[in-house]
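>>> what would the 3D arrangement of this be:
(chains A and B)
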Amino acid sequence: MGPIQIQSFCTPDEIQRYRFDPQFTIHAQYKSIYTKQETLVQHAESTLANVVLALTEDRQIVGFGVFSHPDEDDRWAELEPGIMMEIKAIEVSRRFRSCKIAGDLLRLMLSHPTVEQMIAYMVGYSWTWDLDGSGLTVHQYRNMLIHLFSPHQFFELQTNEANICLKPENLFMARVGSHVSSQIRQDFKLLRFGITI
Amino acid sequence: MRYPKECVLKDCREVVIRPLEPGDRVLLDAFHTQIPESNRWLMNYNVMDATVMDNWFASVEKGNIACILSLYDNCVVGQASLYMRNFGATSHVGRFRITVLPEFREKRLGTWLLLDLTQTAMDHGLEILRADLAGDIENDAIGALKKFDFFKYAELEKSIKDYSGNHHDLVIMIKHLHKRWSDF
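Numbers count the residues shown, from 1 in each chain, chains lettered A, B, ... in the order given. Sure, this is the predicted structure:
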């Protein structure tokens, strides 16, 4: 398959110069998180966002990660602006799975200059997981995600956010930066349970 | 590490959820004494009997029971127990019961215990979760289970007696733990 280059903080211009692996598409029982290259470009245009790409020698995107602000109407946007950052996407083309690319994508997404001042989080909705392509059960896939994120100081946390609570196998994990104040940590805890004081 | 889990209740009190540990006997006994007798009656075994609890702890050790506790101020305020048969025709079914102290009810603590218990059941590879509840008396619990995809599998009319000797329906609630999504 040849060497894979992982590149962080990709600019919109750079992304447009690459080719998007056609495997990022609608499969029989799975739809890729992003099926259009333009979506990555749009994310890269956002301030502070970190779009990380896995590229083949012939400049094809075979993996991507997007680390960006929560959407405005998300519960997680209610904390001070800039504090919460979401791992919005992490996906590797089916034919490059099991090459340990996802771990590198995650590591570079978090190589953000202000990562210790922020709360990075991920939401795992089980209905978005590629069970068909991975051959895993829902429970195994969930454990795989925990295994992927835990080495990067992400912890599984409880929340009553309605979409996450829809299924017990859904997952919410967060990494609280070492410079996040105790007040913000407390606010985050209350926010997780929908309590505003 | 999955545990301990922090949960904030509706009234802003913070509880911790974690599995039962071998040294929790005193805490659990204290919890049981605070449960109203009419509720203890529905637990199907006499938690006030030391021999019964010796056997119960032995079953936990053997892996036939998985128990999760919720603690507030280092006191047990809620308990979820999953009963498993590790052999035979019903080894894929887990029965469970959740008990919460009266002052911690209607604050979503039962829901947190249920979510955790469901994940524990999945960890054990179970395929069906089953709860036997008393109609009328435990309607709140029945309603809460329905919100988590449990359905009424059977209702045995007037087949259980409450602490005062009144008959109630036995409601069997079931949830299937799916390993994969359907093709729909």
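>>> for the nearest residue to A:G133 once chain neighbours are set aside, give its distance to A:F24.
Leaving aside its chain neighbours, A:G133 sits nearest to A:R94 (4.9 Å; criterion: C-beta to C-beta, 6 or more residues apart in numbering or on different chains). Just so you know, the C-beta spots here come from the backbone N, C-alpha and C atoms, and that holds for glycine as well. Distance of A:R94 to A:F24, computed by C-beta to C-beta, to the nearest Å: 9 Å.
>>> go on, B:L113?
40 Å.
>>> quick one, what contacts B:G110?
B:G78, B:I98, B:V100, B:A141, B:A144 (C-beta atoms under 8 Å, 6 or more residues apart in numbering or on different chains).
>>> for it, helix, strand, or coil?
helix (DSSP: H, G, I helix; E, B strand; the rest coil).
>>> surely A:S32 touches A:T25?
Yes. Under the criterion of C-beta atoms under 8 Å, A:S32 makes contact with A:T25 at 6.0 Å.
>>> of the two, which one has the most company?
A:S32 (21 against 14; other C-beta atoms under 10 Å in any protein chain shown).
>>> and the nearest residue to that one once chain neighbours are set aside, how many neighbours?
Spatial nearest neighbour of A:S32, excluding adjacent residues (C-beta to C-beta, 6+ apart): A:F24 at 4.2 Å. Neighbourhood size, A:F24 [other C-beta under 10 Å]: 24.
>>> just B:E127 next, same as before
Neighbourhood size, B:E127 [other C-beta under 10 Å]: 15.
>>> tell me the phi and psi of it?
Backbone torsions of B:E127, given as degrees, to the nearest 10, read phi -110, psi -20.
>>> quick one, what contacts it?
By C-beta under 8 Å, 6+ apart, B:E127 lies in contact with B:H92, B:V93, B:H176, B:L177.
>>> most neighbours among those, please name it.
So for these (other C-beta under 10 Å), the most neighbours sit at B:L177, 22 neighbours.
>>> that one is in contact with B:A121, isn't it?
Yes. B:L177 is in contact with B:A121 according to C-beta under 8 Å; the separation is 6.1 Å.
>>> mind listing the shared neighbours of those two?
With C-beta under 8 Å, 6+ apart, B:L177 and B:A121 have common neighbours B:L129.
>>> need the strands for the chain, in chain order.
You didn't pick a chain, so chain A it is. Along chain A, the segments classed as strands by DSSP state E run A:5-7, A:19-20, A:50-55, A:60-68, A:84-92, A:119-124, A:155-156, A:171-176.
>>> try again with chain B
In chain B, the strands defined using DSSP E lie at B:5-8, B:14-19, B:65-72, B:75-84, B:93-100, B:128-134, B:151-161, B:167-176.
>>> convert the third one to PDB, retaining C-alpha atoms only.
Put plainly, it is strand B:65-72. Written as PDB, here are the backbone C-alpha positions of strand B:65-72 (Å, rounded to 0.1, in the frame of the first residue of the first chain):
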ATOM      1  CA  ILE B  65     -24.600 -11.700  40.300                       C
ATOM      2  CA  ALA B  66     -23.200  -8.400  39.100                       C
ATOM      3  CA  CYS B  67     -24.000  -5.500  41.400                       C
ATOM      4  CA  ILE B  68     -23.600  -1.800  40.900                       C
ATOM      5  CA  LEU B  69     -23.900   0.700  43.800                       C
ATOM      6  CA  SER B  70     -24.500   4.400  43.800                       C
ATOM      7  CA  LEU B  71     -23.000   6.300  46.800                       C
ATOM      8  CA  TYR B  72     -23.600   9.700  48.200                       C
END
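>>> that strand and chain A, are they touching?
No. Applying C-beta under 8 Å from any C-beta of the partner chain, one finds strand B:65-72 separated from chain A by no less than 11.3 Å.
>>> which elements pack onto that strand?
In terms of contacts (3 or more C-beta pairs under 8 Å, 6 or more residues apart in numbering or on different chains; DSSP states H and E), strand B:65-72 is packed against strand B:14-19, helix B:25-34, helix B:50-62, strand B:75-84, helix B:109-123.
>>> among the contacts of B:G110, which one has the most neighbours?
Using other C-beta under 10 Å as the neighbour criterion, B:G78 leads the contacts of B:G110 with 24 neighbours.
>>> name the residues of the lowest-mean-pLDDT helix or strand in chain A that are buried.
Lowest by mean pLDDT, DSSP states H and E among the helices and strands of chain A is helix A:162-165, with a mean of 88. The neighbour-count check on helix A:162-165 (16 or more other C-beta atoms under 10 Å in any protein chain shown) flags A:I164, A:C165 as buried.
>>> that helix and chain B, are they touching?
Yes. Interface with chain B: helix A:162-165 contributes A:C165 (C-beta under 8 Å from any C-beta).
>>> before we move on, the earlier item: out of the strands of chain A, which is closest to chain B?
strand A:155-156 (5.9 Å; C-beta to the nearest C-beta).
>>> check contacts around the residue most central in space within chain A.
In chain A, the centroid-proximal residue (C-alpha atoms, centre = their mean) is A:I87; its distance is 2.7 Å. By C-beta under 8 Å, 6+ apart, A:I87 lies in contact with A:G65, A:V66, A:F67, A:L106, A:M109, A:A120, A:Y121, A:M122.
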